[in-house]
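# Let me see the structure of the following:
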Amino acid sequence: MDKVDFCEVEYIFDTFQRLCTDKEKQWYECMWRILEKQQLTSYAEEKRYQVFLYAVALLLIYSDFGHYAFEDFVSATYIASEMEEDIPTFLLGQLYGIRFRETIDIECTDEALLLLADSYRDNVISAIKAEIGLEMLFVSLYAVHYPFHRIEKDEYGDEIEEEYEPQSTDEFWKLMNDEYDSIISFAGSDVICGDFGLVYVYDWIMDGAKSEKLYLE
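Numbering: from 1, shown residues only. All right, here's what the predicted structure looks like:
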């Protein structure tokens with residue numbers, strides 16, 4: 001079987017408006033590695049498109065989380081045209097027709113692609129659940145917004161605590177595990193301003209991060 005590497009799906013991240021921080025991309029790569037371990041990045045024969053739909057589904061999960069936890073909706077723009085090389089419009093139309101038993105509206109190819117990717121969300125969630133569990137998914141999502149710190153020495157040799165940004169995907173994952181309890185405390189703090197609240201977000205994730213198709217609003 002062939003495999004799609006992260007560098008081949010990394011560009012999809014840029015089609016989602018307001019996704020721009022290193023930690024967001026590090027989370028995306030961490031989740032991609034999980035899909036890789038669960039064999040979702042491998043494909044046989046003509047199923048390569050499916051792996052790219054998994055990549056989009058990952059970002060839809062993150063987008064929904066942002067809406068529920070921070071009232072920060074992230075939408076995808078021109079995603080169908082950006083992904084034309086990996087999922088050509090004619091193939092998108094065929095897949096959409098098979099999946100939903102209706103013809104794609106040529107003026108709504110972005111929505112069609114997102115709907116199609118969303119129909120693979122359960123596969124992605126199942127893989128994450130099998131590899132790390134849904135509670136760790138919950139922690140990883142909040143870790144993207146958590147202000148990591150480390151101890152440094154100032155010019156006088158005194159120790160000071162400074163905010164610190166992970167420099168790599170591996171470091172993000174390590175810091176997240178090291179500060180697991182602190183991230184959970186952060187998630188329940190007054191810093192979080194979403195209307196839905198921590199319990200709602202936790203229950204949503206533990207119930208499988210079901211889609212409400214927010215991108216259609």
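
# hang on, isn't residue 111 packed against residue 214?
No - with contact defined as Cβ atoms under 8 Å, residue 111 does not count as touching residue 214 (11.9 Å). To be clear about C-beta, it is placed using only N, CA and C from the backbone, and glycine gets the same treatment.

# Any stretches of this structure with poor pLDDT?
Confidence mapping of the chain against pLDDT under 70 gives the ranges 17-19, 73-74, 106, 153-155, 157, 159, 190-195, 216-217.

# where do the helices sit along it?
For the chain, the helices defined by DSSP state H cover 6-9, 22-37, 48-70, 79-82, 89-100, 109-118, 121-131, 134-143, 169-178, 180-187, 198-206.

# Reformat the ones you listed as TSV; add distance to residue 156 and mean neighbour count.
Putting the helices of the chain into TSV (distance: least, Cβ to Cβ, whole Å; neighbours: other Cβ atoms under 10 Å) gives the following:
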stretch	distance to residue 156	mean neighbour count
helix 6-9	43	16
helix 22-37	31	20
helix 48-70	38	22
helix 79-82	51	18
helix 89-100	61	15
helix 109-118	54	22
helix 121-131	46	18
helix 134-143	32	21
helix 169-178	27	17
helix 180-187	27	16
helix 198-206	40	16
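
# who's sitting farthest from the centroid in the protein?
In the chain, counting by Cα atoms, centre = their mean, residue 156 sits farthest out from the average C-alpha position, at 42.3 Å.

# Could you measure from that residue over to residue 130?
51 Å (Cβ to Cβ, to the nearest Å).

# cool, and residue 37?
Separation of residue 37 from residue 130 (Cβ to Cβ): 9 Å.

# Same check on residue 60?
Taking Cβ to Cβ, one finds residue 60 at 19 Å from residue 130.

# same deal with residue 115?
25 Å.

# Please apply the same query to residue 12.
Counting by Cβ to Cβ, the gap from residue 12 to residue 130 is 23 Å.

# Same question for residue 165.
Applying Cβ to Cβ, the value for residue 165 to residue 130 is 30 Å.

# And residue 92, by the same measure?
29 Å.

# what number of residues lie near the closest residue in space to residue 122 that isn't next to it in sequence?
Among residues not flanking residue 122 along the chain, residue 208 sits closest, at 6.9 Å (Cβ to Cβ, 6 or more residues apart in numbering). Neighbourhood size, residue 208 [other Cβ atoms under 10 Å]: 13.

# go on, the one 4 residues further on?
The tally of other residues near residue 212 (other Cβ under 10 Å) stands at 11.

# For it, which residues are in contact?
By Cβ atoms under 8 Å, 6 or more residues apart in numbering, residue 212 lies in contact with residue 64.

# related to what we said a few turns ago, look up how far residue 14 lies from the residue farthest from the centre of the chain.
Taking Cβ to Cβ, one finds residue 156 at 43 Å from residue 14.

# Please apply the same query to residue 121.
21 Å.

# Same question for residue 108.
21 Å.

# Would you quantify the distance from the closest residue to residue 124 other than its chain neighbours to residue 182?
Of all residues not flanking residue 124 in the chain, residue 57 sits nearest, at 4.7 Å (Cβ to Cβ, 6+ apart). Distance of residue 57 to residue 182, computed by Cβ to Cβ: 29 Å.

# do the same with residue 122
Residue 122 sits 31 Å away from residue 182, taking Cβ to Cβ as the criterion.
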